[in-house]
Structures are given as structure tokens and as C-alpha cells.
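Participant: attaching a predicted model along with its sequence, questions to come.
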Amino acid sequence: MWLSADMSQNAPLCTETVAAELAANADDLLQFTTGAAVPGGFGWLDDDGAVVERNLELWITCRMTHVCALGAALGKPGFHELVEHGVKALSENFHDERHDGWYAAIAPDGSRPTDATKAAYAHSFVVLAGSSARAVGVEGANDLLANALAVHDRYFWDENQGMARESFSGDWRIEEDYRGINANMHTVEAYLAAGDVTGDDIWHRRAGRIVTRAIDDVARGSNWRIPEHFTADFTPLPDYNRDQPAHPFRPYGATPGHALEWARLTLATARTLGGPAWDWALPAAESLVRGAIADAWAADGADGFVYTTDWDGAPVVHARMHWVLTEALGAAWALHHVTGSSDWSRLFEQWWEYAKAHLVDTERGSWISELDQTNHPHAGTWVGKPDTYHAVQAMLLPRLPLTPSFASALAASS
């Protein structure tokens, strides 16, 4: 069965009570987001929602610009102006006028670059921010998105591999001898959003090529435990970062949270492109999610998804990351949309109960970024509450269709 029909009306995703809780938490998260705005862009937030004195990261400014676009699409006062602020910061403070592309980090006041490298992960979020800003009609968004897509096309897209390259020096002359599945996953998200707002299906088709290679080929051939790290010709590196198992972006082993995230993106890509050629997408998404549950949920006796496992599915890093739980909600939502099965709605509500019990911070706001294996706050990998991207998206799920992407869907319904 290819994904032409939406079966979600067969059973509700969640009860009215849960839907109201999610909506209220979305409002709280959006309010928390407003505290991140600083003159140079958006800063890294601490546990109380205050900006940490540190360099401004490109990926955070992009993700918070995207979040603010979601707030603007919902009609929240002040959020259109926050999107304008983000677009201006990306177009002026972060943009490399000499070499093109965007600096990885700039000084806290936005005055100068502190890291000039050009990474696909962060640049995918430039595309996402530009797409979301365009969806809500912010001035300057069209130019930002057009430039971001041109940079992606020129430097990051590898036509022969059908995948994204990883990173370059600031002047684009030196390319890293590494490829990562994480950067490719977020490139899929960005390309889907770009195709939705521009109407140019080249971005949808490129997203489809990445998903097919990463999931129908690599993940299927690895028992649905997705290799994260590769050489430049996409030969897997299974022992990469074995000595840094809790790395925030390149951890050793399999990352069940990414399997959950890929499941949602696989179904969205299949729905976008359509046709019998995508018959494999639904069973693949189900395999990814069921594998992640089997390997990572309560794998050490306590509820929650462990961060990483080895290649046999045994836990390596036992910490529970908030973003993994949000992607579990997203995976259950996507599978419910496609199948209408109450199994996925039950899991959605079960995981939301866990989030309320352990991750939603009702005292200081937002979600706790990381828990230890006993579900107590922990800062082994993440410090503070850097951004609200994952949590806000998860809280909006009950009001969204599977496609188009978040900002486009909300803007179309407003």
C-alpha cells in the first residue's frame, strides 16, 4: 500500500484532554522561546530560560527562527517580529559575505565569526528557517531561502551519491573526509520544507533519494539499526567515536532516536512523492520504530529511551534525551496517520504520560534536556535547554496533517 490515503480518522490520535495538554505546553514552549532573542540572533538558553554567555550557534538561531515561524503561523502576538529578527540575523550576522554560506558560530554580540566552518547539519537548518519564514510571509525570507538552496546545491548535494556532503572549511577549499547520517536526515527535513514552499519538486525528489539510500538500503541492511558514520564514499564506520559514546552529534553506535525521526520523515517523503515505488516505506517505518522500542525503551529496567546502543541492540549510553521522546511521539503520530491503528495512538499517549512525569519542566519552563538512567535531571551531554525545536514540533502534532511540512501546514490552516 502506498501512502495515498490518510487513515487517521479511523481512530483519534489522542483524547481531547491530551490534545488540550499538548496545546497548553506548546504555548508554554513558545513563551520560553521568546527569551532566546539577542541582538545577534538567538542564544543558548539555560535551565531557567536565560541566555548563556557563549558564542551564538548557527543551528540554534536557525531552529529558533523556525520555531518562531510556527508561533507566527499560529497567530501568536510578537512572533512575526521574532521571525524577522531571525531572518535578519541569518542574512547579515551569520552570512559569510566573502565566501558565501553561513558561519557555524559568531560572537555573542553578533560582531564577528568565531567558527567559520560550513557544515551540512547547520546549513540544512538555514534552509528550514528560510522555508518556514517564507511560509509566514516574512520580508527577506525569499532571498534567504534562495541563497541557502543555491549553497546547498553547489556545495553539499552529491549528485552521484544521492546524499549530502558533510562539512568544509570556511573558504570551501577543504572538505571533511566523513559523511554523517544525521546531517542527511535534517537535509531531508529541509528539502521537504523547501519543496513545499517553492513548488520546485527537485527538493522533494532529492529528499526521496536520501531517504531511499539511508533507509531502504542502509537501514534495511543493518537490521534497522542505522549506521551513523561513513567515509566519503559512504562506507560505514561502525567503531567511529567508540571513545566518545555520548557525543551530542556523532555518538558511537546506533541512535534509536534517529530511527524514530527517520520513520516520520520516511512516511512524509513517501506521502509527498507518492506512487507504488514507495510501497516499502510503511513496513520500513514500522520496522524502524518497533526496533527502536525493542532496543531502547526501558532497556535497563526504567522507562525511557536510552540514547545509544551497540550493534546488537545493547545499551551503551543510558541517558534519556528529551528529543528522543519527542521523536517517538512524532513516529507514533505519523504511523497513526497512515494506518489509523489504535496501537500507535496508545503508544502516543503512553509516551506523553512519561514526558509529563519526567521531562516537562512545570516549574522553570520548557523540557529538561537530559535525564540519567533513573530519570533524574542530568547534564552529561547537554547543558541547559538550548532550544525548543523538537518539543514545540511534538506539541503541535495533533493539529497537523502528515504533509506538507510544519510551517506550511500551519500557515495554510490559519
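Facilitator: Nice, thanks for sending it over.

Participant: the helices in the stretch 101-250 of the chain, which residues?
Facilitator: Secondary structure of the stretch 101-250 of the chain by DSSP state H, counting those that start in this stretch: the helices cover 120-135, 141-151, 181-198, 201-211.

Participant: so which of the ones you listed is nearest residue 345?
Facilitator: Put simply, out of the helices of the stretch 101-250 of the chain the one that sits nearest residue 345 is helix 181-198, at 23.8 Å, with distance taken as CB to CB. For every residue, glycine as well, the C-beta is placed using N, CA and C.

Participant: chain center to the closest one, what's the gap?
Facilitator: 10 Å (CA atoms, centre = their mean, to the nearest Å).

Participant: residues in contact with residue 136?
Facilitator: Applying CB atoms under 8 Å, 6 or more residues apart in numbering, one finds that residue 136 lies in contact with 69, 72, 73, 80, 83, 407, 411.

Participant: need the max-distance pair from those residues.
Facilitator: Applying CB to CB across the contacts of residue 136, the maximum distance is between 80 and 407, 12.5 Å.

Participant: among the two, which residue is more densely surrounded?
Facilitator: residue 407 (26 against 20; other CB atoms under 10 Å).

Participant: how near is the more buried one to residue 195?
Facilitator: 13 Å (CB to CB, to the nearest Å).

Participant: now swap in residue 15 and tell me
Facilitator: Using CB to CB, residue 15 is found at 34 Å from residue 195.

Participant: these two: who's more crowded?
Facilitator: Taking residue 15 and residue 195 together and counting by other CB under 10 Å, residue 195 has the greater number of neighbours (24 against 11).

Participant: what is the neighbour count of the residue lying closest to residue 273 once chain neighbours are set aside?
Facilitator: Excluding the flanking residues, the one nearest residue 273 by CB to CB, 6 or more residues apart in numbering is residue 208, at 5.0 Å. Neighbour count for residue 208, taken as other CB under 10 Å: 24.

Participant: what residues are up against residue 208?
Facilitator: Contact analysis of residue 208 by CB under 8 Å, 6+ apart lists 269, 272, 273.

Participant: mind running it again at 10 Å?
Facilitator: If a contact means CB atoms under 10 Å, 6 or more residues apart in numbering, then residue 208 has 162, 188, 191-192, 195, 201, 266, 269-270, 272-273, 277-278, 281 as its contacts.

Participant: need the residues touching each of residue 80 and residue 407.
Facilitator: Looking at what touches both residue 80 and residue 407 (by CB under 10 Å, 6+ apart), the common residues are 69, 72, 73, 133, 136.

Participant: from the middle of its chain, how far away would stretch 23-38 be?
Facilitator: 18 Å.

Participant: how about it as PDB, C-alpha atoms only?
Facilitator: Output in PDB follows, covering the C-alpha atoms of stretch 23-38 (Å, rounded to 0.1, in the frame of the first residue of the first chain):
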ATOM      1  CA  ALA A  23      -1.700  22.700  23.100                       C
ATOM      2  CA  ALA A  24      -1.100  24.300  26.500                       C
ATOM      3  CA  ASN A  25       2.500  23.000  26.600                       C
ATOM      4  CA  ALA A  26       3.100  24.400  23.000                       C
ATOM      5  CA  ASP A  27       2.000  27.800  24.300                       C
ATOM      6  CA  ASP A  28       4.400  27.500  27.300                       C
ATOM      7  CA  LEU A  29       7.300  26.400  25.000                       C
ATOM      8  CA  LEU A  30       6.700  29.300  22.600                       C
ATOM      9  CA  GLN A  31       6.800  31.700  25.500                       C
ATOM     10  CA  PHE A  32      10.000  30.200  26.700                       C
ATOM     11  CA  THR A  33      11.400  30.600  23.200                       C
ATOM     12  CA  THR A  34      11.000  34.400  23.300                       C
ATOM     13  CA  GLY A  35      13.700  34.700  25.900                       C
ATOM     14  CA  ALA A  36      16.300  33.500  23.400                       C
ATOM     15  CA  ALA A  37      16.300  36.600  21.200                       C
ATOM     16  CA  VAL A  38      19.600  38.600  21.500                       C
END
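
Participant: and it, which residues are buried?
Facilitator: Under the neighbour-count criterion of 16 or more other CB atoms under 10 Å, stretch 23-38 has 25, 26, 28, 29, 30, 32, 33, 34, 35, 36, 37, 38 buried.

Participant: helices of the stretch 251-400 of the chain, start to end?
Facilitator: Counting by DSSP H, counting those that start in this stretch, residue ranges of the helices within the stretch 251-400 of the chain are 256-273, 281-296, 322-339, 342-358, 389-396.

Participant: would you turn those into a markdown table with mean pLDDT, distance to residue 110 and mean neighbour count?
Facilitator: Formatted as a markdown table, the entries for the helices of the stretch 251-400 of the chain read as follows, by pLDDT from 0 to 100; distance: least, CB to CB, whole Å; neighbours: other CB atoms under 10 Å:
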| stretch | mean pLDDT | distance to residue 110 | mean neighbour count |
| --- | --- | --- | --- |
| helix 256-273 | 98 | 31 | 26 |
| helix 281-296 | 98 | 39 | 21 |
| helix 322-339 | 98 | 27 | 25 |
| helix 342-358 | 98 | 34 | 18 |
| helix 389-396 | 98 | 21 | 25 |
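
Participant: now the two most distant members of the buried residues of stretch 23-38.
Facilitator: Longest distance between any two of the buried residues of stretch 23-38 is 24.6 Å, between 25 and 38; criterion CB to CB.

Participant: any stretches of the protein with poor pLDDT?
Facilitator: Low-confidence segments of the chain, defined by pLDDT under 70, are located at 1-10.

Participant: relative to the centre of it, find the outermost residue for me.
Facilitator: Ranking residues of the chain by C-alpha distance from their mean position (CA atoms, centre = their mean) puts residue 98 at the top, at 29.3 Å.
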